[in-house]
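Chemist: When you get a sec, could you give me coordinates for this:
(chains A and B)
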There are 2 protein chains.
Amino acid sequence: MLNLGGPPTLDAVEPFLLELFADREIIHLPFQQWLGPFIARRRAPAVRELYASIGGGSPILRYTEAQGRGLVERLDRLSPDTAPHGFYVAFRYVTPRSEDALQAMRADGVERAVAFTQYPQFSCATTGSSLNDLWRTVDRLGLKEAFQWSILDRWPIHDGFIEAVAETVREGLQGFSPEDRGKVVLLFSAHSLPMRFVNRGDPYPAEIGASMEQVMRRLRYSHPHLLAYQSKVGPVKWLEPGTEWVIRQLAARGQKHVLVIPIAFTSDHIETLSELDREYGHLAESLGITHFRRVPALNDRPAFLDAIADLVREHLSSGQVYSAKYPLRCPGCVNPACRGIANPIPARSVPSERGA
Amino acid sequence: MLNLGGPPTLDAVEPFLLELFADREIIHLPFQQWLGPFIARRRAPAVRELYASIGGGSPILRYTEAQGRGLVERLDRLSPDTAPHGFYVAFRYVTPRSEDALQAMRADGVERAVAFTQYPQFSCATTGSSLNDLWRTVDRLGLKEAFQWSILDRWPIHDGFIEAVAETVREGLQGFSPEDRGKVVLLFSAHSLPMRFVNRGDPYPAEIGASMEQVMRRLRYSHPHLLAYQSKVGPVKWLEPGTEWVIRQLAARGQKHVLVIPIAFTSDHIETLSELDREYGHLAESLGITHFRRVPALNDRPAFLDAIADLVREHLSSGQVYSAKYPLRCPGCVNPACRGIANPIPARSVPSERGA
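Modeler: Okay, here's the model as predicted:
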């Protein structure tokens, strides 16, 4: 289960930022070896405070483990042929890392492994970075032959995922009084991405649009909806419009009822608990949006556990090595390490044999 | 049936460009009153040549009329309660314009009208501009009370539309030999849009992404796919990656088989017949893409006529005035005329009463 991860304690904040700002696949800085640590250390105190305000650390490991338990429980039932199933967590900038997951898998005698991204929509900055790191680590640890791999690299419109998100929206709407419910604007918010990625052909914005449209169809387009991108940092151009800016525009027009839907993450984390709930919540209130709410994150919601179990079951029974799109690097890809795989399962279905 | 339209003859090219470059809802130029005509006249000879190369004019009126005939024939059968049905074409910069459609509707004694965009995905630059022009013309002609209106403002993932596109892809794949068919990359190409629109919240790129993903699901993700944006003009920033640039990148990687899928237009027009087939076709060939093909446009394909008939039937029976999203202006909208409607039908369903 691949994800970015987050610092579990306040002491883990600075090391986490140091690793993030050292990742040249994601962040390009001049003199990165010096400037990266400099920026990371300068940001650390403020970021520590944010984590302090949400309970002293990121809950993402806790939720990922709950998702993992729910997933394997269901899989053992749904797919007895491939049982027993186990789950391992591989975060990107904090333990447990790829190395921890791989060592534990070896110790447990695992033979067949699915690299399962926890990001529904593919971006080189998220799933791409996690997979590249995984294959590098497999190589470094000399575990190339240890496991047979396949990849579940994206699932932006998987029915179960869409239904689980729609369920959170329905619950979120219950937080408004019946008289107000008809006045709500649904604001989908996804983590932004530097335009450098987008312009070289990163599939992320298209897959975000696909997820949103599918959720709206599932809700029978009951309310007006909008898409915005949050969490931009630094001076370069990122995907717009920004979530904060959109909230300001809605407020200026007298919109009083807004329900925010995080569409690109499956667990609560700093961007939901701090940025959306606290920062934007306070901003919205101060601007006169009297009813600003966020739908609950998917976390360990049974409908979501059902969804990921269905997704993995489908993947295992398809015999696919990866999606047809996975081996096709972005048109402007500058990273020759992209879109690899270590020791893949024998290809069974046609699409998995294609690439470019 | 609202669309941009295109010059039917070579003599109509310059007047068409003059109108396009005078439209301040789409194009912002300094000293537009002078610079617009200057640019239009300067571009006219080259654009005339392009139209000459595709048979001496745009086929869009011919196809729109064929679509209209197929639509009303089917509607009379599918929805006898609302029969008889008629169709009127309203282009944006060439006859028949909104005014022509409205006069003909009045002469025919029409009472109930659906403003039906022929763009599956909504953008302020296309559907938005057509609708604003329609309501302005209704007003100018004093026809505010003449018809009762509803709006079919977008249909990016309508099942029939998606199936019709998928059918064109299957046909396009038949154009490759069985041995080559597995090596094809599907290149979805949509008309680009200035980032000025995107950054203020235009829904276009998200809806394009939704259409593409749905087509790929319908095709069971049989091939790798990519999205690119074509037809950028002028010096400002537009949505990227550009189709031409993507073709160059694919060629540089040794990709020999490419199938292009226009996803944002429903008829053949200059951007398919000239830009994709001729310009990019020659480019691709010169770069070593030995098998560069384009799927047929939807045009008067029966599956597409079935789709639009189903769409209108659904719309009529829903009693909706417009989509829930229509009245929600882009967060950064600068045009107070946006998202209007003249003399709407009485709202029956809840979503249509909501707005912001």
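Chemist: residues in the stretch 101-250 of chain A within reach of chain B, list them.
Modeler: By CB under 8 Å from any CB of the partner chain, the residues of the stretch 101-250 of chain A that approach chain B are A:156-157, A:182-183, A:185, A:198-201, A:203, A:205-210, A:212-214, A:217, A:221-228, A:240-241, A:245-246, A:249-250. Glycine gets a C-beta too; all of them are placed from N, C-alpha and C.
Chemist: so of those residues, which ones are in helices?
Modeler: A:198-199, A:205-210, A:212-214, A:217, A:245-246, A:249-250 (DSSP state H).
Chemist: hey, where'd the helices end up in chain A?
Modeler: Listed in chain order, the helices found in chain A under DSSP H are A:13-22, A:32-53, A:60-78, A:98-107, A:129-140, A:159-174, A:195-199, A:204-218, A:243-252, A:270, A:281-286, A:302-318.
Chemist: Quick one: closest of those helices to B:Val114.
Modeler: helix A:204-218 (20.7 Å; CB to CB).
Chemist: List the contacts of that closest one.
Modeler: Outside helix A:204-218, the residues that touch it by CB atoms under 8 Å, 6 or more residues apart in numbering or on different chains are A:120-123, A:125-126, A:154, A:156-157, A:161-163, A:165-166, A:169, A:186, A:188, A:190, A:193, A:197-198, A:225, A:227, A:239, A:261, A:263-264, B:156-157, B:205-210, B:212-214, B:227.
Chemist: which parts of stretch A:216-231 are buried?
Modeler: A:216-219, A:221-231 (16 or more other CB atoms under 10 Å in any protein chain shown).
Chemist: of those residues, closest to chain B?
Modeler: A:Pro224 (3.9 Å; CB to the nearest CB).
Chemist: So which elements touch the worst-scoring helix or strand of chain A on mean pLDDT?
Modeler: Sorting the helices and strands of chain A by mean pLDDT, DSSP states H and E puts helix A:270 at the bottom, at a mean of 90. With contacts taken as 3 or more CB pairs under 8 Å, 6 or more residues apart in numbering or on different chains; DSSP states H and E, helix A:270 sits against helix A:32-53.
Chemist: Next, the buried residues of stretch A:174-181.
Modeler: Those would be A:176, A:181, for stretch A:174-181 by 16+ other CB under 10 Å.
Chemist: Oops, could you answer that again for stretch A:55-64 instead?
Modeler: Under 16+ other CB under 10 Å, the buried positions of stretch A:55-64 are A:57-61, A:63-64.
Chemist: what stretches of chain A score poorly on pLDDT?
Modeler: A:349-356 (pLDDT under 70).
Chemist: could you redo the last one with a cut-off of 50?
Modeler: Where chain A drops to pLDDT under 50, the residues are A:350-356.
Chemist: give me every residue that touches the residue nearest in space to the middle of it.
Modeler: Centroid-nearest residue in chain A: A:Tyr119, 3.3 Å away (criterion: CA atoms, centre = their mean). A:Tyr119 makes contact with A:2-3, A:126-127, A:154, A:264-266, according to CB under 8 Å, 6+ apart.
Chemist: at 6 Å instead, please
Modeler: A:Tyr119 sits next to A:126-127 when contact means CB atoms under 6 Å, 6 or more residues apart in numbering or on different chains.
Chemist: Likewise for the one 3 residues further on?
Modeler: Listed by CB under 6 Å, 6+ apart, the contact set of A:Phe122 reads A:153-154, A:203.
Chemist: Top of those residues by number of neighbours, please.
Modeler: A:Pro203 (27 neighbours; other CB atoms under 10 Å in any protein chain shown).
Chemist: Now A:Val47. Nearest residue, chain neighbours left out?
Modeler: Leaving aside its sequence neighbours, A:Val47 sits nearest to A:Val13 (CB to CB, 6 or more residues apart in numbering or on different chains; 5.4 Å).
Chemist: Might one say that the one you found is in contact with A:Glu19?
Modeler: No - A:Val13 is beyond contact range of A:Glu19, at 11.2 Å (criterion: CB atoms under 6 Å).
Chemist: which of the two has more neighbours?
Modeler: A:Val13 (27 against 17).
Chemist: From the buried residues of stretch A:55-64, pick the one nearest A:Gln174.
Modeler: Relative to A:Gln174, the closest of the buried residues of stretch A:55-64 is A:Tyr63; by CB to CB it sits at 22.2 Å.
Chemist: what about the nearest residue to A:Val260 once chain neighbours are set aside, how many residues close to it?
Modeler: Computed as CB to CB, 6+ apart, the closest residue to A:Val260 that is not its neighbour in sequence is A:Arg294, at 4.4 Å. Neighbours of A:Arg294 under the rule other CB under 10 Å: 22.
Chemist: try A:Glu111
Modeler: Neighbour tally, A:Glu111, other CB under 10 Å: 8.
Chemist: Distance of it relative to A:Gln148?
Modeler: As judged by CB to CB, to the nearest Å, A:Glu111 and A:Gln148 stand 7 Å apart.
Chemist: hang on, the earlier thing: tell me which of the buried residues of stretch A:216-231 is nearest to A:Phe176?
Modeler: Among the buried residues of stretch A:216-231, A:His223 lies closest to A:Phe176 (CB to CB), at 10.5 Å.
Chemist: ok, the closest one touching A:Lys183?
Modeler: No - between A:His223 and A:Lys183 there is no contact under CB under 6 Å: 9.0 Å.
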